[in-house]
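Novice: sequence and computational prediction follow.
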Amino acid sequence: MSGHSKWASIKHKKAATDAKRGKIFTKITKELTIAARTGGGDAAVNPRLRLAISKAKESNMPKDNIEKAIKKGTGELPGVIYEEITYEGYAPGGVAVLVEVLTDNKNRAAAEIRSIFTKKNGNMAGTGSVGWLFKKKGLILVDSTQVEEDKLMDIVLEHGAEDMVTEDKTYEISIAAKDFENVKKAVEDNQIAYSSAEITMIPDNTVKISDKSIAQQVLNLVSTLEDHDDVQNVYANFDIPDEILEKIEG
């Protein structure tokens, strides 16, 4: 598993399962609420809210749910006040992990996140320990069967993408966060389907995990963190080779 393409695909499949039991709606509702609280309820001037609404629509969240979440953020409706917190730590094998949390109980969240790290053979670290390894970027993944490489590259570079590489039959388009919406719109305007489009944290370097047992432990930690109700996103700098991943999935 090099880079982000396969992990993003795994998350995409997982999100479909989560949606069936409502978990993904809970996470998106929180993001809508805090995006509206911090940047206002007008998506036209609030890029974070625009992205949250886009995710909500992709997950088939009802329009009423979206509107209610936004109104709770702006104060038009009563709602819970969430805090944004980022926790840092290490997974087995020295893999760096960032955990983004939205919670209404900071003390409870900290204790539960720490417990997950401990139970899954990782450990929490102080603020700034691993955060410097990651950069906020836009990332769009397109299946290579959707479009010719040269055509897609011309489109995305023209609209502000920083780079595009091919990884396991997937085009990975990396974009400065400020240019993400322009590139995403250009891809959509050219009727090119993407498997994932998000603002994410991309590591400057990765840790290669060639031991199946360690790889399984890393994936277990990341998956367990993502399953926590207060966790919005988990980022890690692991690089698991295809053959190891296939054995785990098998």
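Specialist: Sure thing, it's come through.

Novice: dig out what Val95 forms beta bridges with.
Specialist: Residues in a beta bridge with Val95, per DSSP bridges, are Ala91.

Novice: that one: what's it in contact with?
Specialist: Applying Cβ atoms under 8 Å, 6 or more residues apart in numbering, one finds that Val95 lies in contact with 207, 209, 218, 236-238. In this view, the C-beta of every residue, glycine as well, is placed from N, C-alpha and C.

Novice: what ranges do the helices span in this structure?
Specialist: Secondary structure of the chain (DSSP state H): helices located at 5-20, 23-39, 47-58, 63-74, 106-119, 149-158, 180-189, 212-227, 242-249.

Novice: which of those sits most buried?
Specialist: The highest average neighbour count among the helices of the chain, using mean count of other Cβ atoms under 10 Å, belongs to helix 23-39 at a mean of 21.

Novice: tell me, how many residues neighbour Pro203?
Specialist: 20 (other Cβ atoms under 10 Å).

Novice: ok, the one 3 residues further on next?
Specialist: Taking other Cβ under 10 Å as the criterion, the count of residues near Thr206 is 19.

Novice: before we move on, what about the one 4 residues further on?
Specialist: Counted with other Cβ under 10 Å, the burial measure for Ser210 works out to 12 neighbours.

Novice: swap in Ile85?
Specialist: Ile85: 16 neighbours (other Cβ under 10 Å).

Novice: Glu149 and Lys169 touch, don't they?
Specialist: No. Using Cβ atoms under 8 Å, Glu149 makes no contact with Lys169, being 11.1 Å away.

Novice: can you report phi and psi for the residue lying closest to Thr74 once chain neighbours are set aside?
Specialist: Of all residues not flanking Thr74 in the chain, Gly41 sits nearest, at 4.2 Å (Cβ to Cβ, 6 or more residues apart in numbering). Note on Gly41: backbone dihedrals following degrees, to the nearest 10 are phi -90, psi 0.

Novice: check contacts around Gly41.
Specialist: 49, 70-71, 73-74, 76 are the contacts of Gly41 under Cβ under 8 Å, 6+ apart.

Novice: farthest pair in the residues you listed?
Specialist: Distances among the contacts of Gly41 were taken as Cβ to Cβ; the most separated pair is Leu49 and Glu76, at 14.1 Å.

Novice: thought Lys136 was touching Ala177?
Specialist: Yes. Contact criterion Cβ under 8 Å: Lys136 and Ala177 qualify, at 5.1 Å.

Novice: who touches both of these two?
Specialist: By Cβ under 8 Å, 6+ apart, the residues touching both Lys136 and Ala177 are Ile199.
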